[in-house]
Each structure stands twice: as C-alpha cells, then as structure tokens.
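Student: Coordinates for the following, if possible.
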Amino acid sequence: MKYLAGLIQKSVNSSFQLWLLNQLMKRLVPFNRPHGFKIHQVTPDYVQTFAPYCKKNFNHVRGIHACALATVGELAAGMILMFHFSPEQYRVIMSHIDIDYHYQAKKSVLATAAINASNIGAIQNALQFEGKAQHTVTTKITDTNHTSIATVKTTWQIKSWAAVKTKV
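Tutor: Numbering: from 1, shown residues only. Model prediction:
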C-alpha cells in the first residue's frame with residue numbers, strides 16, 4: 001500500500017506510471033491477474049477499468065461472466081475512492097454490491113466510476129466528525145460499441161487506519 005497512493009495520482013499524466021500501477025495491482029490483488037483486468041484511465045473525476053473479451057472471462061454462452069463484470073466495476077469504484085482517500089491513510093473496503101445487467105457482453109468492456117466535489121466533501125465531513133464514512137459509487141459498464149452492459153453500485157466504508165480494529 002505504501003506506493004499505491006502515489007502511483008494512482010501520477011497515473012493521471014503518465015502512461016508509464018499507469019503501467020506501473022497495473023503491475024502493482026497484479027501483485028496486490030492476485031485474484032484479478034488471470035482475468036486481464038486493467039486500469040485504463042485515471043483522472044480526478046473518474047477512473048476507467050478494462051476487462052477483455054477472452055475465454056478465461058466467458059460464461060456458458062460465450063459472454064463475459066457476470067462475476068467478471070462485477071469485479072471490473074468494483075475495481076473502478078475502489079480506484080476512484082483511493083485516488084481521493086489515500087490507502088496509506090484510509091482503509092477503503094466494499095461493504096455492499098448491487099448489479100443490474102442490461103445486455104450480454106460479447107466484446108471487451110470499460111467500466112467508468114465517477115465522483116464529484118460534493119461527494120468528496122461529504123465523505124471528508126463524515127470522516128472528520130464521525131471517524132468513518134459510507135459512500136455508494138455507481139459504475140457504468142459499456143462494451144467497445146458503447147452499448148450499456150451493466151450498472152454496478154458499490155457501497156464502501158472509508159475509515160482511518162488508526163480506527164481499524166482488524167489490521168492487515
């Protein structure tokens with residue numbers, strides 16, 4: 001976690017730093033490695049993640065599996081929160097996920113999770129006065145033809161590491 005916060009920030013302006021971030025994520029989250037998930041783009045307003053249309057991600061009808069779609073949506077949401085709330089200072093952990101599937105994914109997909117200034121302010125306010133915050137991020141997943149594939153809503157708990165009882 002030591003280098004993660006800096007890499008997320010630097011990935012906004014550097015394709016090399018984005019590549020390094022993807023390499024680090026393969027080590028930090030080994031579950032994602034065989035699926036080929038990647039962080040595609042990082043900005044202060046949104047993060048895009050990518051899931052390839054390939055055999056290892058297929059379901060029984062040769063579409064991208066529902067769990068792969070859920071995971072790529074979760075990854076985008078977690079990354080946008082960690083962009084604004086450093087994983088060195090805060091534990092960012094998902095507490096709930098809700099997914100609406102709109103269309104079969106028969107092509108590679110991009111998941112886009114966004115956050116705005118008022119959301120960031122509300123989280124900061126809750127952290128300051130309550131010591132923890134809960135926030136729901138909506139991630140839109142589209143295929144390479146811009147067809148809406150799924151909407152993933154993830155609820156996250158953000159808490160200072162000092163207040164965490166179960167540490168890594």
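Student: List the buried residues in the lengthiest helix in the chain.
Tutor: The residue-count maximum for a helix in the chain (DSSP state H) belongs to helix 66-84. Using 16 or more other CB atoms under 10 Å as the test for burial, helix 66-84 gives 68-84. All C-beta atoms are positioned from the backbone trio N, CA, C, and that covers glycine.
Student: Likewise for stretch 152-168?
Tutor: Quick answer for stretch 152-168 (16+ other CB under 10 Å): 152, 154, 156-159.
Student: likewise stretch 136-154?
Tutor: In stretch 136-154, the ones that count as buried by 16+ other CB under 10 Å are 137, 139-143, 149-150, 152, 154.
Student: Which residue ranges of the chain form strands?
Tutor: In the chain, strands defined by DSSP state E lie at 38-42, 46-51, 90-101, 109-114, 132-143, 148-160, listed in chain order.
Student: Could you dump the ones you listed into CSV and include mean pLDDT and distance to Ile8?
Tutor: Compiled in CSV, the strands of the chain are given as follows (pLDDT from 0 to 100; distance: least, CB to CB, whole Å):
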stretch, mean pLDDT, distance to Ile8
strand 38-42, 98, 6
strand 46-51, 98, 9
strand 90-101, 97, 11
strand 109-114, 99, 13
strand 132-143, 98, 15
strand 148-160, 98, 15
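Student: Indicate which one of those is closest to Met25.
Tutor: With CB to CB as the criterion, Met25 lies closest to strand 38-42 of the strands of the chain, at 6.7 Å.
Student: ok, that closest one: who's next to it in the sheet?
Tutor: Looking at strand 38-42 with DSSP bridges, its partner strands are strand 46-51 (antiparallel).
Student: rewinding a little: among the buried residues of stretch 152-168, which one sits closest to Ala5?
Tutor: For the buried residues of stretch 152-168, the nearest to Ala5 is Ile158 (13.7 Å; CB to CB).
Student: In contact with the closest one, which residues?
Tutor: Taking CB atoms under 8 Å, 6 or more residues apart in numbering, we find Ile158 in contact with 81, 85, 90-92, 123, 127, 132-135.
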